[in-house]
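**Student:** Sequence first, then the predicted structure, then my questions.
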Amino acid sequence: MFQPLTIQTRLGGFYFFYYSIVGTFMPYWNLYLQDQGFNYQEIGVLSSIAIVTRFFAPLVWGWVADKSGKRMLLVRLATWMESCIWLAIFIVPNTFQSIALLMLIFSFFQNAILAQFEGVTLFWLGDQKAKLYGKIRKWGSVGFIVGVFVIGALLEIVPISMLPILLLIIASLAFIWSFTIREPDGAPTSQKKLDPLLPVLKRPTVAAFFIIEFILLFSHAPFYSFYSNFLKS
């Protein structure tokens with residue numbers, strides 16, 4: 001007899017699909033751009049666009065989530081928009097300007113998903129988060145590994161130009177799966193007055209956190225952007 005999915009399975013399933021997208025995008029997207037005729041300088045610029053939105057997208061989406069209290073609604077909106085972007089990339093002419101614009105829109109919504117879903121997960125787990133969070137979050141790592149291996153195997157059969165369609169399929173699965181998860185009961189529904197941001201940014205621990213993140217991302221940027229191209233050459 002069919003047993004309904006537990007909330008842990010639903011949360012873990014979304015992490016699986018989300019990181020399957022990441023595992024498909026990161027190793028193979030720059031190979032797609034190279035196949036489309038972009039040079040390394042253009043690939044570097046297009047790759048950096050996906051990072052630029054991290055400066056403001058989480059702030060915007062966090063503010064919207066706190067005001068509305070509709071975190072899963074934002075996750076569904078973001079995954080739906082992500083699916084639309086991959087469909088558009090497959091359809092529109094792949095000029096530098098069009099890809100840059102679509103990457104800007106994609107990364108704006110992509111950077112909204114994880115932060116909001118992490119909040120949803122922690123609200124759902126409540127007092128059990130120390131015990132269950134790691135067990136649920138590991139499915140993101142599984143999804144990344146599966147995405148890398150399966151898409152790599154598929155790209156031995158189909159041309160790299162089909163990559164946006166493969167990303168569209170996975171993003172659509174993430175969108176569909178998101179409907180298995182409702183808003184957590186214990187989450188704040190709406191916050192009318194939010195604490196000011198500047199005092200938080202002035203804390204030494206917050207400044208140290210940003211410095212560490214800067215160094216970490218700076219060290220990873222060449223690897224994320226060009227390692228696949230290096231292996232191909």
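**Tutor:** Thanks, I have the structure now. Numbers count the residues shown, from 1 in each chain.
**Student:** Dihedrals phi and psi, residue 44?
**Tutor:** Note on residue 44: its backbone torsions stand at phi -60, psi -40 [degrees, to the nearest 10].
**Student:** State the number of residues packed around it.
**Tutor:** 16 (other Cβ atoms under 10 Å). In this view, the C-beta of every residue, glycine as well, is placed from N, C-alpha and C.
**Student:** go on, residue 221?
**Tutor:** Around residue 221 there are 14 residues (other Cβ under 10 Å).
**Student:** Can you pull out the low-pLDDT segments for the protein?
**Tutor:** Counting by pLDDT under 70, the ranges of the chain that qualify are 1-4, 186-195, 223-229.
**Student:** Show me the helices in it, by range?
**Tutor:** Assigned by DSSP state H, the helices in the chain fall at 7-35, 40-52, 57-68, 71-91, 96-125, 129-154, 163-177, 198-201, 204-232.
**Student:** Relative to residue 185, which of the ones you listed is closest?
**Tutor:** Using Cβ to Cβ as the measure, helix 96-125 is the one of the helices of the chain that comes nearest residue 185, at 8.0 Å.
**Student:** Adding distance to residue 183 as columns, could you present the helices of the chain in JSON lines?
**Tutor:** JSON lines is the format used below for the helices of the chain (distance: least, Cβ to Cβ, whole Å):
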{"stretch": "helix 7-35", "distance to residue 183": "12"}
{"stretch": "helix 40-52", "distance to residue 183": "28"}
{"stretch": "helix 57-68", "distance to residue 183": "10"}
{"stretch": "helix 71-91", "distance to residue 183": "5"}
{"stretch": "helix 96-125", "distance to residue 183": "8"}
{"stretch": "helix 129-154", "distance to residue 183": "17"}
{"stretch": "helix 163-177", "distance to residue 183": "16"}
{"stretch": "helix 198-201", "distance to residue 183": "26"}
{"stretch": "helix 204-232", "distance to residue 183": "29"}
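**Student:** Indicate which one of those is closest to residue 184.
**Tutor:** Nearest to residue 184, of all the helices of the chain, is helix 96-125, at 3.7 Å by Cβ to Cβ.
**Student:** elements contacting the closest one?
**Tutor:** Packing contacts for helix 96-125, counted by 3 or more Cβ pairs under 8 Å, 6 or more residues apart in numbering; DSSP states H and E, involve helix 7-35, helix 40-52, helix 57-68, helix 71-91, helix 129-154.
**Student:** do that again at 10 Å, thanks
**Tutor:** helix 7-35, helix 40-52, helix 57-68, helix 71-91, helix 129-154, helix 163-177 (3 or more Cβ pairs under 10 Å, 6 or more residues apart in numbering; DSSP states H and E).
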